[in-house]
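Undergrad: My questions concern the predicted model and sequence given below.
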Amino acid sequence: MESYNYIKSLHLIFVITWFAGLFYIPRIFIYHIEASQKASPDKEILGRQLKLMAKRLWYIITWPSAILAILFGIWLLVLAPYWFEQSWMHAKLGFVVLLIMYHIKTHLIFKQLQNDQINYTSNFMRIWNEGATLILFAVVFLVLLKSTLNMAYGMLCLVGLAALLILGIKLYKRTRSE
């Protein structure tokens, strides 16, 4: 079944580009939020440019990558339905659902910022940015280890990683304000 490996390769490529978009879009949100606090004409010039950058990233890279990653993932499961019998796959699919929810919420934030509705702080967006990172860690470890036996340890490590990321954000905020 050589086609399986081609489909798997395409799935991985689109997962990578999907995550690239999810990692970068909150950075653009941060810059947009911070630009909204500047004086004119910087506020307007930066705002227009950041909206354009976000729109291109979101609609040209992130959304198509998400759709293609999901479609190729479904295709893989159709070709190899025995994966459904594995408990690690159930956990992985749970994280994929979380990723889709994260993507949709990020889309709502994108739409708000495109309409100049600033409802979040740049610090919140720094924390939000780590959501995709945590999901990525969980999925990669589940797929490579193919084990839910060690999931309890994995979840503890994930919580530890989240704590370290939040600590890093707080330290960054402190050094930035000095």
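TA: That came through, no problem.

Undergrad: what residue ranges in this structure score low on pLDDT?
TA: Filtered on pLDDT under 70, the chain yields the residue ranges 1, 148-152, 177-178.

Undergrad: again, 80 this time
TA: Within the chain, the ranges that satisfy pLDDT under 80 run 1, 146-159, 161-162, 165, 169-170, 172-174, 176-178.

Undergrad: what's the burial count for A163?
TA: The burial count assigned to A163 is 10, neighbours taken as other Cβ atoms under 10 Å. Using the backbone N, CA and C atoms, a C-beta is placed for each residue, glycine as well.

Undergrad: Let me know the helix or strand that it is in.
TA: Using DSSP states H and E, A163 maps to helix 151-177.

Undergrad: For that helix, list every residue counted as buried.
TA: Neighbour counts over helix 151-177 (16 or more other Cβ atoms under 10 Å) mark M151, G154, L158, A162, L165 as buried.

Undergrad: name the helices or strands packed onto it?
TA: Applying 3 or more Cβ pairs under 8 Å, 6 or more residues apart in numbering; DSSP states H and E, one finds that helix 151-177 makes contact with helix 122-145.

Undergrad: helices or strands up against the helix it packs on?
TA: Packing partners of helix 122-145 (3+ Cβ pairs under 8 Å, 6+ apart): helix 2-35, helix 87-114, helix 151-177.

Undergrad: And the contacts of stretch 128-139?
TA: If you take Cβ atoms under 8 Å, 6 or more residues apart in numbering as the criterion, stretch 128-139 is touched by 19, 22-23, 26-27, 29-30, 91-92, 95-96, 98-99, 102, 106, 109, 120, 154, 158, 161-162, 165-166, 169.

Undergrad: now stretch 66-85
TA: By Cβ under 8 Å, 6+ apart, the residues outside stretch 66-85 that reach it are 1, 3-4, 7-8, 10-11, 14-15, 17-18, 21, 89-90, 96, 100, 103.
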